[in-house]
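>>> Below: sequence and its predicted model.
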Amino acid sequence: MFIHWGLYAIPAGMWKGEDCSDPLGEWIMWTSNISVPEYEQLASKFNPVKFDAEEWVAIACRAGMKYLVITAKHHDGFAMFDSPCSPYSIVKATPFRRDPMKELARACRKAGIRLCFYYSQAQDWHAPGGAGKVEESLNGVWANPTVPPSAFARYLEEKVKPQVKELLTQYGPVGLIWFDTPIVMNPKQSRDLRNFVHRLQPDCLVSGRVGHGVGDYGSMGDNAFPPGKVKGDWETPATMNDTWGFRSNDHNWKSVKTLLCLLVNCASKGVNYLLNVGPTGCGVIPQASIFRLKKIGDWLKINSEAIYGTQASPYDSAFDWGWITRKEGKLYLLFRKWPRSGRFTLYGLRNQAHKACLLEHPGKKIRFTQVFDKAHKYSDVEIFLPPRKTNQHISVVALDIDGDAEVCQKTIMSVPMKSRAK
């Protein structure tokens, strides 16, 4: 679960009665040209009395999520935690006077979910020396904003490192620090910040957005999904609607099926899925988000075996019918489209298959045949499925095999969506 929460949840995409031009609610300070003194006044109104850390963590757990990443400081520079080094924080500058990160840390430990922090290390529209506005060029490369290198270096030493240290020493074990938009950082600064995190908590991962390829894992672009399998460890951050921070007029919600397809697509490519919620200024996760997360969790209760601990599909090809994930001794066929009449053929498998079943009915075997091409050492596995799809979103067939899946990439791997003649 990704959580974007901060002062920007109060205006919720509106400023002085006008709709913010940018769809991203958390960028309102910049897109509406709000001055630092004006924006600071939001802190006096921020009192999320409905915030309940245990409820948030329970929502994440019900959805099947294993770690939680929350914005400790976004680009607006406001600390959503108790920051002894800065008066511009939720504890010192708001009537709330509580540290939600401390409460989330306690709730996460109790539930067995890993707490992680988002921290905007380069952009800071409030602190002296922090990078200001960035323009995205036509080719998608971030252009360097105007900030003197010496001032930025002081900002890193005087604000970033002290606050990162606070995050890594006040809340117990932290799963990862999710840095973002490195823009003006040079390679040395990125490496130094990564090493700084590892010195404080050796087991804490550093996201790829620390910059210059020095992170512990790769971070794909916002709402960017891999076209094929990726090497190494990757994660993609994604929204349920159009924005990250809460925006009151953003009702463009993705369907449950779309979100499940994105989750499965990521798993089949070897990528973690980090799905966002944007709580309100009162501290409430929108019901539209909760509904979708519950439905995802319901699906995972039955089909989690095909997601957790799996690796990418052994095939290089994509399929129009769905996706494949794998484990040692298992292949999982995740059907978005059901083959007509229920007959399905998996081509090019080199392993011996032993059993097929739907994860919805693990004790009920499905009949299949396997014919080997001895000359080329691969087989076609024909599986005789029920005539109709068993799940309204994605049905999963588990195929037990010898060892880790090996396939012949040169075989025709498109799957007939209508009956094949015998």
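Done, it's in.
>>> And the next helix or strand past the helix or strand hosting G348?
For G348, the host element (DSSP states H and E) is strand 343-349. Counting by DSSP H and E, the next helix or strand C-terminal to strand 343-349 is strand 353-358.
>>> ok so, going back, check which helices and strands the strand holding G348 is in contact with.
Judged by 3 or more CB pairs under 8 Å, 6 or more residues apart in numbering; DSSP states H and E, the packing partners of strand 343-349 are strand 330-335, strand 378-384. Glycine gets a C-beta too; all of them are placed from N, C-alpha and C.
>>> Mind checking those strands for the one nearest to C357?
Shortest distance between C357 and the helices and strands packed on strand 343-349, using CB to CB, is found for strand 378-384: 10.2 Å.
>>> what lines up beside the helix or strand just after that closest one in the sheet?
Counting by DSSP H and E, the next helix or strand C-terminal to strand 378-384 is strand 395-401. Sheet pairing of strand 395-401 (DSSP bridges) gives strand 330-335 (antiparallel), strand 353-358 (antiparallel).
>>> Show the residue spans covered by the helices in the stretch 51-200 of the chain.
53-62, 90-93, 100-111, 149-155, 161-169, 187-200 (DSSP state H, counting those that start in this stretch).
>>> Would you reformat the ones you listed as a markdown table and include mean pLDDT and mean neighbour count?
Listed next are the helices of the stretch 51-200 of the chain as a markdown table, based on pLDDT from 0 to 100; neighbours: other CB atoms under 10 Å:
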| stretch | mean pLDDT | mean neighbour count |
| --- | --- | --- |
| helix 53-62 | 98 | 19 |
| helix 90-93 | 98 | 19 |
| helix 100-111 | 98 | 19 |
| helix 149-155 | 95 | 15 |
| helix 161-169 | 98 | 18 |
| helix 187-200 | 98 | 17 |
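>>> Would you confirm that P95 contacts N47?
Yes - counting by CB atoms under 8 Å, N47 is a contact partner of P95 at 4.6 Å.
>>> what about these two, which has more around it?
N47 (18 against 11; other CB atoms under 10 Å).
>>> Please report how far that one lies from L7.
11 Å (CB to CB, to the nearest Å).
>>> And for P148?
27 Å.
>>> again with P149
Distance, P149 to L7, by CB to CB: 29 Å.
>>> Also N252?
Distance from N252 to L7, by CB to CB: 23 Å.
>>> and the residue nearest the centre of the chain, what helix or strand is that in?
With distances taken as CA atoms, centre = their mean, the residue of the chain nearest its centroid is L274 (1.0 Å). Per DSSP H and E: L274 is located in strand 271-277.
>>> what's the answer for G297, then?
Judged by DSSP H and E, G297 forms part of helix 287-303.
>>> Quick one: work out the angle between that helix and strand 271-277.
150 degrees (axes from the mean of the first three to the mean of the last three CA atoms, to 10 degrees).
>>> Pull out the buried residues from helix 287-303.
S289, I290, R292, L293, K295, I296, G297, W299, L300, I302, N303 (16 or more other CB atoms under 10 Å).
>>> For it, enumerate the helices and strands it packs against.
helix 53-62, helix 256-269, strand 271-277.
>>> That helix vs helix 256-269, what angle?
50 degrees.
>>> got a list of contacts for helix 287-303?
For helix 287-303, the external contacting residues (CB atoms under 8 Å, 6 or more residues apart in numbering) are 59-60, 62-64, 240-241, 251, 253-254, 256, 259-260, 263, 275, 277-278, 307, 334, 359-360, 391, 393-394, 396.
>>> Of these, grab the buried ones for ChimeraX.
If you want just the buried ones from those in ChimeraX, going by 16+ other CB under 10 Å, the selection is:
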select :59,60,62,63,64,240,241,253,254,256,259,260,263,275,277,278,307,334,359,391,393,394,396
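>>> hang on, the earlier thing: possible to save the buried residues of helix 287-303 as a markdown table with distance to T181 and pLDDT?
Shown next, in a markdown table, are the buried residues of helix 287-303 (distance: CB to CB, whole Å; pLDDT from 0 to 100):
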| residue | distance to T181 | pLDDT |
| --- | --- | --- |
| S289 | 24 | 98 |
| I290 | 29 | 98 |
| R292 | 27 | 98 |
| L293 | 27 | 98 |
| K295 | 32 | 98 |
| I296 | 28 | 98 |
| G297 | 31 | 98 |
| W299 | 33 | 98 |
| L300 | 31 | 98 |
| I302 | 38 | 97 |
| N303 | 35 | 98 |
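>>> what's the burial count for D373?
12.
>>> hang on, isn't it packed against G348?
No - using CB under 8 Å, D373 is not in contact with G348, being 9.3 Å away.
>>> any common contacting residues for these two?
S379, D380.
>>> Walk me through which strands the strand holding L274 pairs with, and which way each runs.
Here, using DSSP bridges, strand 271-277 pairs with strand 2-3 (parallel), strand 234-238 (parallel).
>>> pLDDT of it, averaged?
Strand 271-277 shows a mean pLDDT of 98.
>>> now the angle from that strand to helix 53-62?
With the same axes, to 10 degrees as the basis, strand 271-277 and helix 53-62 are set at 140 degrees to each other.
>>> So what's the gap between strand 271-277 and the chain middle?
Averaging C-alpha positions (CA atoms, centre = their mean, to the nearest Å) puts strand 271-277 2 Å from its chain's average.
>>> Show residues contacting that strand.
With CB under 8 Å, 6+ apart, strand 271-277 has contacts from 1-4, 59, 63, 65, 69, 220, 225-226, 230, 233-240, 244, 259, 262-263, 266-267, 285-286, 289, 293.
>>> give me that answer again for 6 Å
2-3, 226, 234-239, 244, 263, 266, 285, 289 (CB atoms under 6 Å, 6 or more residues apart in numbering).
>>> try stretch 213-224
190-191, 194, 205-209, 232-238.
>>> what distance separates the start and the end of that stretch?
End-to-end span of stretch 213-224 (CA to CA, to the nearest Å): 18 Å.
>>> and of the contacts of stretch 213-224, the nearest to G172?
Nearest member of the contacts of stretch 213-224 to G172, counting by CB to CB, is L205, at 15.5 Å.
>>> returning to what we had before: tell me the most buried of the strands paired with strand 395-401?
Most buried of these, by mean neighbour count (mean count of other CB atoms under 10 Å): strand 330-335, with a mean of 24.
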